[in-house]
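K.L.:
Mind folding the following:
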Amino acid sequence: MNKQIIFTLVSLVLTSFYTMALLGQHHDNIWLMSDINGGVKIDFSTGEPEVSAVDIPIIFENSSTSMSNSVGELQFYTNGCRIHHHEFDDMLNGTGINLGNIFSDFCVGPNAPYFGYPQLGHGAVSIPVPYHEEEYFLVHKPIDNFVDSDTLVGIWAFELLFSRIDMTKNDGLGRVMGKNIVVEVDSFESGHIALNKHANGEDWWLIQPMNFSNEYAIYLVDSLGVNQHSRVNIGLVDERATSALGQSLFSPNGDKYFRYNSIQGLRIFDFDRSTGELSNFIHISSPAGIQSEIQAGGVGVSPSGRYAYVSTRLDIYQYDLQAPDIAASRVHVAEITNPMDYIIHPTAFNFQLGPDCKLYVFNNSGISHHVIHEPDNPGQSCNFEQGGLVMPYPVFRDMPYFPNYRLGPLGDEGSPCADPLVSTTEQPVIEAESAFEVYPNPTYGPVTVEGKRERVTGLRVIDGFGRVLWQNKWPGGGSAKLSIDLGHLPNGLYTLEVTDDEDKVSTERLILQHQ
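P.N.:
From the prediction side, this is the model:
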């Protein structure tokens, strides 16, 4: 056989193998969130997010993350104070990360049951160790108060750390092999860890903004750990008023780096996945009047990288990154409305691209989060749904962040979308809408709940604070009608929650409006 033909066949086989390997990168399959109200699990195994209540014994804040293996099975999670394995207990050597004053104040002692490690978004991120399928790096940072002339002026991170986890140890429950390994001691912004695949498709780049400056520290992550690579000064300076606000991330295809807060607006950089170089800075100011509305917001990017979205608490805007004038392409695509006067407002903060290639817009504190179903469509056709992702409990100061684990090598980037792990024909998905029927809705008090399938075990009525106001066992094995009177409750929006015998939770919102 001709040598050129053999070489071509081998190349095709290797390319196919690599593509299949990328499709199997389901490290972001399970998202965990936790607050004093309870734990929440968002599972994408069927290709759609299934939300359920789960017993997580620690509280999360924005130094939290969860990690699944390549086939989507939960491996571990952290709240920035300790690391738990997938059976929801301390991993061997998993306690005592991010040591320091903040750790002493929030992670041990009387505060420990009520807090995770407090930090603004992206304070902890996990990735698989390159070339080591069952080992993981957890990148994290301790923070402290920043004091100038005895005056507290903000929060800063004084170290960049990583820990190495081996899930082959302790009968598959894992062990932290190296903990709080110091990468660099300096003055970093709180949060804002962003990771991106190297052009070789195995190693990673990490960008960390420095405090009160326009300097960025760039690190190369290989199988040995997190390594200092370069520093660059580029773009706007983060002043004290804007330090650590907003969100930073890479585009799904890895060629751009974004930063956003509503005061300074949107910052866009080109990124070279081969060299780790930032270049071609573009600044887009926030719309007039937005800067004073809220000093936060987030940024998300569509799967193709064509559109960027930014949030300003009650509004979401879209930018066309291929337009000749990106700033002029701004379109208002959503306004967060509040018709029933939620106790906890359904605001919009950070974005996260799901394995289903929908953009999820997280409310910093609450039960109701939002979905952009078709983020690669222009303008209103992006199909924004307010409250499209409803939790069984409100979750405070905890918004997931995952990099694009499915990004391939340069020239074979692949898709950020993940194939479903479970066939819906083999294992039907229980949809929240089909679990039960509630009528009348709105109601002035009397309401009937009718189950539509077997195995439903309980009903709860929950207010906007996540407080359970009424609960009962379901009569008749899930086929009966249950009538209750909620006329004693004030006007507002409530959540009716049905739990089945597999602890899957379905919810329906009920409007109570007295005559």
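
K.L.:
mind listing the helices in this structure by residue range?
P.N.:
Under the criterion DSSP state H, helices of the chain are mapped to 3-23, 101-106, 432-435.

K.L.:
pLDDT weak spots in the stretch 151-300 of the chain?
P.N.:
151-154, 240-242, 289-295 (pLDDT under 70).

K.L.:
swap the cut-off to 80 and go again
P.N.:
Across the stretch 151-300 of the chain, residues meeting the criterion (pLDDT under 80) sit at 151-155, 239-244, 287-296.

K.L.:
mind listing the strands for it?
P.N.:
Secondary structure of the stretch 151-300 of the chain (DSSP state E, counting those that start in this stretch): strands at 151-166, 175-188, 194-197, 204-209, 215-222, 225-233, 247-250, 256-261, 265-272, 277-284, 299-301.

K.L.:
Tell me which of those strands is the most buried.
P.N.:
Scoring the strands of the stretch 151-300 of the chain by mean neighbour count under mean count of other C-beta atoms under 10 Å gives strand 247-250 as the most buried, with a mean of 26. All C-beta atoms are positioned from the backbone trio N, CA, C, and that covers glycine.

K.L.:
distance of the nearest residue to H369 once chain neighbours are set aside from S368?
P.N.:
Closest residue to H369 apart from its sequence neighbours, by C-beta to C-beta, 6 or more residues apart in numbering: L389 at 4.2 Å. L389 sits 8 Å away from S368, going by C-beta to C-beta, to the nearest Å.

K.L.:
Neighbour count for those two, which is higher?
P.N.:
Neighbour tally, L389 and S368, criterion other C-beta atoms under 10 Å: the higher count belongs to S368, 22 against 19.

K.L.:
Surely the more buried one touches E385?
P.N.:
No - in this structure S368 lies outside contact range of E385 using C-beta atoms under 8 Å: 10.7 Å.

K.L.:
quick one: the residue nearest in space to the middle of the chain and E133, what's the gap?
P.N.:
With distances taken as C-alpha atoms, centre = their mean, P400 lies nearest the centre of the chain, 1.9 Å away. P400 sits 23 Å away from E133, going by C-beta to C-beta.

K.L.:
And for N111?
P.N.:
37 Å.

K.L.:
Ok, L407 next?
P.N.:
In terms of C-beta to C-beta, L407 sits 17 Å off from E133.

K.L.:
neighbour-wise, which of these two wins?
P.N.:
Remark: of L407 and E133, L407 carries more neighbours, 26 against 12, as counted by other C-beta under 10 Å.

K.L.:
Show the contacting residues for the closest residue to that one other than its chain neighbours.
P.N.:
In this structure, L407 finds its nearest non-sequential neighbour in K197, 4.1 Å apart by C-beta to C-beta, 6+ apart. Contact analysis of K197 by C-beta atoms under 8 Å, 6 or more residues apart in numbering lists D203, W204, W205, G254, R273, P403, N404, L407, G408.

K.L.:
wait, isn't K169 in contact with R175?
P.N.:
Yes - applying C-beta under 8 Å as the test, K169 and R175 come out as touching, 3.7 Å apart.

K.L.:
what do these two both touch?
P.N.:
Common contacts of K169 and R175 (C-beta under 8 Å, 6+ apart): L92.

K.L.:
just checking, N227 touches L206?
P.N.:
No - N227 is beyond contact range of L206, at 9.5 Å (criterion: C-beta under 8 Å).

K.L.:
anything in contact with each of the two?
P.N.:
Common neighbours of N227 and L206 (C-beta under 8 Å, 6+ apart) are Y219, L220, V221.

K.L.:
got TSV for those, with distance to F88 too?
P.N.:
As requested, those are exported to TSV (distance: C-beta to C-beta, whole Å):
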residue	distance to F88
Y219	31
L220	34
V221	28
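
K.L.:
between the residues you listed, which is nearest F76?
P.N.:
Using C-beta to C-beta, V221 is the member of these that lies nearest F76, at 18.1 Å.

K.L.:
wait, doesn't G366 sit right on T347?
P.N.:
Yes - G366 lies in contact with T347 (C-beta under 8 Å); the separation is 7.3 Å.

K.L.:
Give the bridge partners for the closest residue to V299 other than its chain neighbours, please.
P.N.:
The spatial neighbour of V299 that comes closest, neighbours along the chain excluded (C-beta to C-beta, 6+ apart), is Y260 at 3.7 Å. Note on Y260: beta-bridge partners by DSSP bridges are Q247, L266.

K.L.:
Break this structure down into its domains, please.
P.N.:
Domain assignment for the chain by automatic domain parsing gives 22-396, 435-512.

K.L.:
deepest of the ones you listed, which one?
P.N.:
Mean neighbours per residue, mean count of other C-beta under 10 Å, is largest over these for domain 22-396, with a mean of 19.
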